[in-house]
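Chemist: coordinates for the following, if possible.
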Amino acid sequence: MPYTVPPTRTAAVVQQLRNEIVTSELPPGTLIKDAELAARLGVSITPVREAIAQLSVEGLIDIAPNRTRHVTKITQKSALELIDVMGVLACAGFEWGVRSLTACHIDLMRRRQREFIEGLRSGDVLAAGAAGADFSAIVILASGNRELQSMVDLAVARTLRILAMGAESNLWEVWITGHDEILDRLEAGDSAGALKRYRQIYVEYRARVEQFLVAD
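Modeler: Got it, this is the predicted structure:
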């Protein structure tokens, strides 16, 4: 999920609101009002409404039957279900792409891992999340299946919300350690070992999130 300059006002609003939701600047349950957002962001109502529709698709905003909109709440149940789905999708992509990785791919993954750690150390959750997502995206895209990466991208922001909530916890350590060990295996030519370790990340991460979030 590399950073790019939004090409339209709607895309810019989507990016801004997504970032505010991920970092809890707009906390879970916040009522979303079109006019207030438009005034604050200096845009018309139309791109705000289009952005809300997109973020609803991404699962970041709930639209009730009476058309009121709220930032989606995070529960233990919803978080674990999301992790299960992400695990299936991302692990499939990793399995399909890992044997197509070149030395250049692995070098790029190593750079993204450094950016991931640097972002965490500086407290920049968004930069860390983007670098961490790119780590996996490099492998998935090596498979040539861009449709799968598009599906993963829809869930990335929701996954990052969980990590951002646990910024002071040990949730991030699962990914830091896992990525380092995956890189070691890839550089040793052990694709099967790298895949096994990637799958284990999701098992460990799920267990820690289950402990971190109070049951509904």
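
Chemist: now the helices: where do they sit in the chain?
Modeler: For the chain, helices defined by DSSP state H occupy the ranges 9-22, 34-41, 45-57, 76-97, 103-122, 125-142, 146-165, 171-187, 191-212.

Chemist: out of those helices, deepest packed?
Modeler: Ranked by average neighbour count under the criterion mean count of other C-beta atoms under 10 Å, the helices of the chain are headed by helix 125-142 at a mean of 22. Using the backbone N, CA and C atoms, a C-beta is placed for each residue, glycine as well.

Chemist: pull that one out as PDB, backbone CA atoms only.
Modeler: The C-alpha coordinates for helix 125-142 follow below in PDB (Å, rounded to 0.1, in the frame of the first residue of the first chain):
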ATOM      1  CA  VAL A 125       1.800   4.400  12.700                       C
ATOM      2  CA  LEU A 126       0.600   5.300   9.200                       C
ATOM      3  CA  ALA A 127       4.200   5.100   7.700                       C
ATOM      4  CA  ALA A 128       4.800   1.900   9.600                       C
ATOM      5  CA  GLY A 129       1.600   0.400   8.400                       C
ATOM      6  CA  ALA A 130       2.200   1.300   4.800                       C
ATOM      7  CA  ALA A 131       5.700  -0.300   4.900                       C
ATOM      8  CA  GLY A 132       4.400  -3.400   6.600                       C
ATOM      9  CA  ALA A 133       1.700  -3.800   4.000                       C
ATOM     10  CA  ASP A 134       4.200  -3.400   1.200                       C
ATOM     11  CA  PHE A 135       6.300  -6.200   2.700                       C
ATOM     12  CA  SER A 136       3.500  -8.700   2.000                       C
ATOM     13  CA  ALA A 137       2.400  -7.000  -1.200                       C
ATOM     14  CA  ILE A 138       5.800  -7.500  -2.800                       C
ATOM     15  CA  VAL A 139       5.300 -11.300  -2.500                       C
ATOM     16  CA  ILE A 140       1.600 -11.300  -3.500                       C
ATOM     17  CA  LEU A 141       2.300  -9.200  -6.600                       C
ATOM     18  CA  ALA A 142       5.200 -11.500  -7.500                       C
END
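
Chemist: that helix packs against which elements?
Modeler: Judged by 3 or more C-beta pairs under 8 Å, 6 or more residues apart in numbering; DSSP states H and E, helix 125-142 is in contact with helix 9-22, helix 76-97, helix 103-122, helix 146-165, helix 171-187.

Chemist: quick one: the ones you listed as CSV, columns for distance to Tyr205 and mean pLDDT too.
Modeler: What follows is these, written out as CSV (distance: least, C-beta to C-beta, whole Å; pLDDT from 0 to 100):
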stretch, distance to Tyr205, mean pLDDT
helix 9-22, 17, 94
helix 76-97, 6, 95
helix 103-122, 15, 96
helix 146-165, 9, 88
helix 171-187, 5, 96
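
Chemist: since that was my last question, I'll sign off now.
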